[in-house]
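K.L.:
One predicted model, sequence on top.
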Amino acid sequence: MFITNSIITDLIALFVTLAALFITYWKWTYQYWQRHNIPYLPPQIPFGNITSSVIGNENLGVAMKKIYDKMKRNGSKHAGIYMFNRCVYFPIDLDYIRNIMTKDFHYFVDRDFYVNRRDPLQAHLANLTGSEWKSMRTKLTPTFTSGKMKMMFQVMAECQNDLLTKMHEECLKNKPIDIKDVLARFTTNIIGSCAFGLECKALEDEDSEFRKYGKQIFVETKFVMFKRIFGMAFPKVAKFLNLSTIRMDVADFILKTVEDTIEYREKNNYNRNDFLQLMMKLKNNPSDPDEKPLTMDEVASQCFVFFGAGFETSSTLMSFALYELAKHQDIQEKLRVEINSVLDNHDKQIIYDSIQDMKYLSQVIDETLRKHPPAAFLNRTCVKDYKVPGEDLVIEKGKGIMIPVLGIHYDEEYYPNASQFDPERFNDENKNSRHNFAYLPFGEGPRNCIGMRFGLLQSKLGLVCLIQNYKFTINKKTQEPLRYKQNSIVLAAEGEIWLNAQKI
Ligand code: HEM
């Protein structure tokens, strides 16, 4: 049934009508924050306030920092942004952020990421929501106490010999070192050993499967990044389209590794005090008889997130720390003096207690995480209508919340001369004089990073071992000023960090 005599004219008319409807609907959506009298920045159809990240070359965390800077300059305590046509609440005042992450946490229990639960390995702690998350978090928390960390330290420490051997080989080549790659191999070995009792051989073997698949988890194509952002903006459409954001070959590898290791342990009655053993207990005989045992997919999902979250964030932290230390030789030397003097008091042994005694090392790490937080933003979903205290605003159930970590970490009000690397910002006096929520590298509240102690410990171990033995300088292959990669979940340097290392 044609309206005109030409099918082409009819199709054009249909297209124009649909485009007009789409634009009208989008424009109407883009009045949401104005209707609620909340400060906002003018959005652009169709990507809203994230055009630079979707089609440009800008990391999403950096885009959020720019929004933070503008809104803060305007004196706003909070704002509203648009991701495609999704309305997202953007708190700026640190007390508002504290309320969301801790005091009123029960309104904001879930994250605001798109998850396709039909994909394998997606039932992990970081993705779970509501009561499923709470129950899993309670089960996994005992794995990460300081007592457990102290116990695991010996296993971690054994991995430093392979790190030093690798560094020795790299130095013999007389070429710049891609330090992130070396350190990601080191943390892959640690997490493989501490979590699964496996020797990953990522430092020794250039083609180690763990390194190959580990890398795949974080190498994001533009298309996968687009699907992630699209899924955040349109979770229902993404679910309907069954959009997948996981690499099936990586999922198959992890699933098979976990299945084989569990089978071996069960057949041989082999017990090891590690993360996998705890998972096996939750699968076979949970302590509470009313508790549903974990399925193999659930067990493998937790292993997957611990593996992924465990090696990439810490190796990123160490790489940025070495970058800053290479740029600031005085700070590098001061750290080396502390390391040598503490180790002298511990028979030159890098043990758990000696690492705890290194105060300046903690400051260097804190300052690195301030300047280069691996998670440049955090997010939450509002799970029931929430009245913002002191404001005439109710955040409706289902709305997303974006917490601009990178923006806060560079706010001159909290960190004067913020682009300067200065570990003294984290001495006791300066630390105590700042608002607690001005520093969020591990998130905050009940949903903060469960592996924080583990991540800090392995990063400290790696830095102590390297700074004690090598002097680092920047190689000119490093692209400066440093820019962050666009298609990367964890903040990473564009073009990698290339260092020269000289044996001491
Ligand atoms: C320097 C190292 C690390 C950094 C900077 C880091 C950072 C973070 C951040 C920012 C979050 C989100 C917190 C929030 O939303 O409030 C997070 C969550 C998480 N991290 Fe880490 N992380 C690190 C190391 C680790 C390690 C070593 C593991 C595991 C072995 C781990 C496992 C997790 C898990 C499972 C979650 C989700 C927690 C939940 O939803 O309950 N992380 N991490």
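P.N.:
Cool, got the structure.

K.L.:
burial count for the residue lying closest to Ser354 once chain neighbours are set aside?
P.N.:
Of all residues beyond its chain neighbours, the one nearest Ser354 is His346 (4.0 Å), with distances taken as CB to CB, 6 or more residues apart in numbering. To be clear about C-beta, it is placed using only N, CA and C from the backbone, and glycine gets the same treatment. A count of nearby residues for His346, using other CB atoms under 10 Å, gives 13.

K.L.:
need the residues of the stretch 401-504 of the chain near the ligand, please.
P.N.:
Within the stretch 401-504 of the chain, the positions near the ligand by CB under 6 Å from any ligand atom are Pro441, Phe442, Gly443, Glu444, Arg447, Asn448, Cys449, Ile450, Gly451, Phe454, Gly455, Ser459.

K.L.:
before we move on, back to that, got the contact list for the residue nearest to Ser354?
P.N.:
Taking CB atoms under 8 Å, 6 or more residues apart in numbering as the criterion, His346 is in contact with Asp353, Ser354, Asp357.

K.L.:
likewise Thr295?
P.N.:
Lys283.

K.L.:
try 10 Å
P.N.:
Residues in contact with Thr295 (CB atoms under 10 Å, 6 or more residues apart in numbering) are Ala123, Lys283, Ser301.

K.L.:
did I read that right, Ala79 in a strand?
P.N.:
Yes - assigned with DSSP: H, G, I helix; E, B strand; the rest coil, Ala79 falls within a strand.

K.L.:
Which strand residues bridge it?
P.N.:
When bridges are called by DSSP bridges, Ala79 pairs up with Phe90.

K.L.:
per-residue pLDDT, it?
P.N.:
Ala79 is assigned a predicted lDDT (pLDDT) of 98.

K.L.:
Repeat that for Pro441.
P.N.:
Pro441 carries a pLDDT score of 98 in this model.

K.L.:
could you give me the average pLDDT of the longest helix seen in the chain?
P.N.:
Longest helix of the chain, by residue count under DSSP state H: helix 296-327. Per-region confidence: helix 296-327 scores 92 on mean pLDDT.

K.L.:
let's have the chain start at 477 instead
P.N.:
Okay, using 477 as the starting number, the last item reads as helix 772-803.

K.L.:
Go through it and flag the buried ones.
P.N.:
For helix 772-803, a neighbour-count test (16 or more other CB atoms under 10 Å) marks 773-803 as buried.

K.L.:
what about Arg594, how many residues close to it?
P.N.:
9.

K.L.:
Contact partners for it?
P.N.:
Here Arg594 is in contact with Lys715, Asn718, Ser720 (CB under 10 Å, 6+ apart).

K.L.:
can you list those in a markdown table and add neighbour count?
P.N.:
Below are the contacts of Arg594 laid out as a markdown table (neighbours: other CB atoms under 10 Å):
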| residue | neighbour count |
| --- | --- |
| Lys715 | 15 |
| Asn718 | 9 |
| Ser720 | 17 |
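
K.L.:
that older thread, among the contacts of His822, which lie within helices?
P.N.:
Those of those mapping onto helices are Asp829, Ser830, per DSSP H.

K.L.:
quick one: average pLDDT of the one helix or strand Lys732 maps to?
P.N.:
Per DSSP states H and E: Lys732 is located in helix 724-743. For helix 724-743, mean pLDDT rounds to 88.

K.L.:
Off-centre distance for that helix?
P.N.:
A distance of 25 Å separates the centroid of the chain from that of helix 724-743, by CA atoms, centre = their mean, to the nearest Å.

K.L.:
picking up where we left off before, any idea which of the contacts of Thr771 is closest to the ligand?
P.N.:
Within the contacts of Thr771, the smallest distance to the ligand is 10.3 Å, found for Ser777 (CB to the nearest ligand atom).

K.L.:
For Ala599, see how far away that closest one is.
P.N.:
In this view, Ser777 and Ala599 are 4 Å apart by CB to CB, to the nearest Å.

K.L.:
Mutual contacts of the two, please.
P.N.:
Residues touching both Ser777 and Ala599 by CB under 10 Å, 6+ apart: Met612, Leu770, Thr771.

K.L.:
got CSV for these, with distance to Leu487 too?
P.N.:
Formatted as CSV, the shared contacts of Ser777 and Ala599 follow (distance: CB to CB, whole Å):
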residue, distance to Leu487
Met612, 51
Leu770, 53
Thr771, 50
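
K.L.:
Can I get those in TSV including distance to the ligand?
P.N.:
TSV is the format used below for the shared contacts of Ser777 and Ala599 (distance: CB to the nearest ligand atom, whole Å):
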residue	distance to the ligand
Met612	8
Leu770	15
Thr771	18
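
K.L.:
quick check, nearest of those residues to Gln896?
P.N.:
Nearest to Gln896 among the shared contacts of Ser777 and Ala599, counting by CB to CB, is Met612 at 40.8 Å.

K.L.:
how long is stretch 526-537 from one end to the other?
P.N.:
End-to-end distance for stretch 526-537, by CA to CA, to the nearest Å: 10 Å.

K.L.:
Which positions within it qualify as buried?
P.N.:
For stretch 526-537, a neighbour-count test (16+ other CB under 10 Å) marks Ile526, Ser528, Ser529, Val530, Glu534, Asn535, Leu536, Gly537 as buried.

K.L.:
Any residue of it touching the ligand?
P.N.:
No - Stretch 526-537 stays clear of the ligand (CB under 6 Å from any ligand atom), getting no nearer than 11.1 Å.

K.L.:
Now intersect the buried residues of stretch 526-537 with the helices, please.
P.N.:
Among the buried residues of stretch 526-537, the ones falling in helices (DSSP H) are Ser528, Ser529, Val530, Leu536, Gly537.

K.L.:
show me what contacts the last one?
P.N.:
This points to Gly537. Contact analysis of Gly537 by CB under 10 Å, 6+ apart lists 529, 849-854, 880-883, 960, 964-967.

K.L.:
mind running it again at 6 Å?
P.N.:
Taking CB atoms under 6 Å, 6 or more residues apart in numbering as the contact definition, Gly537 lies against Ala852, Phe853, Leu882.

K.L.:
For the nearest residue to Gln778 once chain neighbours are set aside, grab the count of nearby residues.
P.N.:
Distances taken as CB to CB, 6+ apart place His600 nearest to Gln778, at 5.5 Å, with adjacent residues excluded. Applying other CB under 10 Å, we find 22 other residues in the vicinity of His600.

K.L.:
what sits against His600?
P.N.:
Applying CB under 6 Å, 6+ apart to His600 gives the contacts Ser777, Gln778, Val781.

K.L.:
Which ones among those also lie next to the ligand?
P.N.:
By CB under 6 Å from any ligand atom, the members of these lying near the ligand are Val781.

K.L.:
so what's the residue nearest to Ser830 scoring on pLDDT?
P.N.:
Looking at His822, its pLDDT is 90.

K.L.:
helix, strand or coil for Gly874?
P.N.:
Per three-state DSSP, Gly874 ends up coil.

K.L.:
quick one: it from Ala727, how far?
P.N.:
Counting by CB to CB, the gap from Gly874 to Ala727 is 29 Å.

K.L.:
between those two, who's got more neighbours?
P.N.:
Of the pair Gly874 and Ala727, Ala727 is the one with more neighbours under other CB under 10 Å, namely 21 against 14.

K.L.:
quick one: the more buried one and Pro596 touch, right?
P.N.:
Yes - judged on CB atoms under 6 Å, Ala727 makes contact with Pro596 at a distance of 4.4 Å.

K.L.:
The ligand: which of the buried residues of stretch 526-537 is nearest?
P.N.:
Closest to the ligand, out of all of these and judged by CB to the nearest ligand atom, is Gly537, at 11.1 Å.

K.L.:
Spatially, what comes nearest to that closest one if we skip its sequence neighbours?
P.N.:
Ala852 (2.3 Å).
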